[in-house]
Every structure is written in structure tokens, then in C-alpha cells.
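Enquirer: Prediction below, plus the sequence it came from.
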Amino acid sequence: MSKWTMFDGAPRRWWLIALALVPALALTACGSGGAPAATSADGKTTVNLAEAVHNLGYIDLYVAQHEGYFEQQGINLHLSAAGGDSQAFAAVLGGSAQFALGDATLSEISREKGGDGIVLAELVSRAQYFAVSKKISTPFTDPKQFAGLTFVTSPPPNTNNSVLTNSLKQAGLDPTKDVHITTVSPGTEIGPVLAGQADVAVAYEPNVDMAVAQDGAHVLYSWADAIGEFTNTGLQARESYVRANPEVAQKLVNALQMGAQYVYQHPEDAKSVARLEFPNLPPEVVDAAIQRQIDNHIPASTTVVSQQGWNTLMTLGRQLGNCSCDVPFGQIVDNSFAQKAASTMQGQ
């Protein structure tokens, strides 16, 4: 499958995120940007980390927690799910969290609005979407094979709608004529396919492997493979905080790097951690979902932000009008912490 070279036309949720950032940016001046990090009674540094949502894609983080890597680095980690990308980044801008995990475009947007967001590491390195069908079992090798089929996605501006329409355009197909796209509420995309009302769903984990395990569905196509490197989720902070507390940033990235390495070195242990983090899901579904993510290189294997993956993210943001996306890589991404972690944490 060819790698994507551009993303054109399809809307995305980021214009809503940009609007949501405006009040948060107003808090920047009164936030804790350059304040020194707090130390707890046990001598460890207290770090508040806001994750966008609690999801299987962040397995590197959860492994680092369960393996005690944050404690080893002298960090008492307070993790909270913010309820979305913009909410997580707003927590950083407002000072209630020092770091956020979510859509790395938010740091770019903050810079363009006069803020000081910065990306320190990568946690999810590929798009997390798969084509799932009940009645079709032969995998697609080219989006041209989508012609004539009925697809189910979430409504625009959701990302699974965008990846489908863009792959159709890349293949020279008209999304309004050459296929039929029906939309449903996010997270319910597979339902119409299982009911025989559509051919293919564009879905994500754990829904993908839930359908495979419980309904005999087939996975036909991976957008993680089709798009290639893509800075899906980044560790973000305010630059003023990082400059005032570089040792804290380094320790946090060190722990995440060890988690990323461990996931790929010990996938069965990663599955065990995922089962603990998501006890309401069937264990076999969790195991299959983590394995599929690893096979598709979705969790980051290194925290170093890929230049190619960042360029792909910025191309998407620019073409969808979400940001100017023109801040130089070296000004918006500080890879120094991740590069040091990658070189010093090997084998640990």
C-alpha cells in the first residue's frame, strides 16, 4: 500500500479544538508556567499528567506505570483523563497539569495564538483505524477496491470519516459518487455492518477485535499502514515550565521511553497490563487489540518525535485549515529529552 502524501478537503475536529483553546490561552499568564516543581513528603516530584482519554492506544504509559518506571525516576505521577484532547491541553495552559497527552496539533495552535506549547515526546505513532466487514473476507490491497461499497463512519469532522474520504481521493475515486458513506454515532460504526445494512465499517480498537471475536467479522485494511508515520499523540507542556524544570521533563520522558521499549519487548506483559486497565472488556478482546496495535506499530516504540510523522500531521492540519502549521520543527518539537532517553534507557 502506498503511503499518503497529502490530505485534502475533509474537515476534522481541530477547528472546534482551536476555538476551545481560546479561553485556555487567556489563562496562560496566570498559570504555573515557570513555577518550580512541587516535591512530595517522600522526596519525589509530584507531576500531574492529563491524558485526553483513557484508551488502549496509550499502552506505553500504562506499562510504565505498572512497571514502576515513574517511581524509579523519582516521580509521583497523578494521572487523570480529561475527556478530550482540548481539555487535556487546556489543563496544561491553565496550570492544573504540567503535562498533557493528546493531539500534538494543539501545541502548534497554541504557538500560533501566542502561547508557548511544546511537544516533548511521541506516544502514538500511527493512525488507529481499520476497515471491518462481516460479509467481505478478502483484504483490500488498494483503496480503488472500495468502489461500489457502502461504508460506515462517524459524521464529519470525525477522523475516521476523514481518513476514508481522503484515501478515496488518493485513489482517484469520488466519495460522493463512487461509494456510499453512511454516518452513525462515534463508536457504533460496526453495528450496521453486523446487521447487514452496510459493507464496511471504519473502526478502531477495541471495537475492531470485539467484532472479530464475538461476531466473526474480518479486518480488511489498516490506515496505520496506509498513512505510515504520523504523530498521532504527543506529550505536551508549556515551554516556560520545561525550561524551569528540565530535570522533571527528562524523568517523565525517561519513564515513557522505558514503557515504550517494554511494550515491544514483552507484548504478553503489555496485554496483562491492558487487561488490568480495562477490566470491563473481555480479556481475549484486549489481548487481540493490543497485538493488532503492536503489529501495526501504533504505540510508539521510541518517544523521539519523527520528523516525517510530524510533517504528515502538519500537512493534514494545513490542508484542513486547522492551523497555519508553519512553526519550524525545531521550535515546536524539543526532541532533546526523548533523544537522551532513547540513548540512556536502552536495555533498562
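Expert: Alright, I've got the coordinates.
Enquirer: List phi and psi for the residue lying closest to Ala147 once chain neighbours are set aside.
Expert: Counting by C-beta to C-beta, 6 or more residues apart in numbering, Ala147 lies nearest to Asp178, which is 4.9 Å off, once chain neighbours are set aside. Any C-beta I mention is one placed from the backbone N, CA and C, and that applies to glycine too. Backbone torsions for Asp178, taken as degrees, to the nearest 10, come to phi -90, psi -20.
Enquirer: How about Val132?
Expert: The phi/psi pair for Val132 (degrees, to the nearest 10) is phi -130, psi 130.
Enquirer: Please apply the same query to Val200.
Expert: Dihedral pair for Val200: phi -140, psi 140, per degrees, to the nearest 10.
Enquirer: and it, bridged to which residues?
Expert: Counting by DSSP bridges, Val200 is bridged to Phe151.
Enquirer: My read is that it contacts Tyr129, right?
Expert: No. Contact criterion C-beta atoms under 8 Å: Val200 and Tyr129 do not qualify, at 11.5 Å.
Enquirer: if we can go back for a sec, identify the residues contacting the residue nearest to Ala147.
Expert: If a contact means C-beta atoms under 8 Å, 6 or more residues apart in numbering, then Asp178 has 146-148, 168 as its contacts.
Enquirer: Adding neighbour count and pLDDT, write the residues you listed out as CSV.
Expert: Listed next are the contacts of Asp178 as CSV, based on neighbours: other C-beta atoms under 10 Å; pLDDT from 0 to 100:
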residue, neighbour count, pLDDT
Phe146, 22, 98
Ala147, 14, 98
Gly148, 10, 98
Leu168, 23, 93
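Enquirer: what's the most distant pair in those?
Expert: Distances among the contacts of Asp178 were taken as C-beta to C-beta; the most separated pair is Gly148 and Leu168, at 11.8 Å.
Enquirer: Pull up the overlap in contacts between the two.
Expert: Common neighbours of Gly148 and Leu168, counting by C-beta under 8 Å, 6+ apart, are 178-179.
Enquirer: which other helices and strands contact the helix or strand hosting Ala121?
Expert: Counting by DSSP states H and E, the element that carries Ala121 is strand 117-124. Applying 3 or more C-beta pairs under 8 Å, 6 or more residues apart in numbering; DSSP states H and E, we find strand 117-124 packed against helix 85-94, helix 105-112, strand 233-238, helix 239-244, helix 246-265, helix 329-332, helix 336-344.
Enquirer: Could you rerun that using 6 Å?
Expert: helix 105-112, strand 233-238, helix 246-265 (3 or more C-beta pairs under 6 Å, 6 or more residues apart in numbering; DSSP states H and E).
Enquirer: which one of these has the most crowded surroundings?
Expert: The highest mean neighbour count among the helices and strands packed on strand 117-124, using mean count of other C-beta atoms under 10 Å, belongs to strand 233-238: a mean of 28.
Enquirer: quick one: Asp209 from Pro175, how far?
Expert: Distance, Asp209 to Pro175, by C-beta to C-beta, to the nearest Å: 27 Å.
Enquirer: still on that earlier bit, put together CSV for the helices and strands packed on strand 117-124, with mean pLDDT on each row.
Expert: Shown next, in CSV, are the helices and strands packed on strand 117-124 (pLDDT from 0 to 100):
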stretch, mean pLDDT
helix 105-112, 91
strand 233-238, 96
helix 246-265, 98
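Enquirer: Can I get the ones you listed in TSV including distance to Ala213?
Expert: Below are the helices and strands packed on strand 117-124 laid out as TSV (distance: least, C-beta to C-beta, whole Å):
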stretch	distance to Ala213
helix 105-112	33
strand 233-238	26
helix 246-265	21
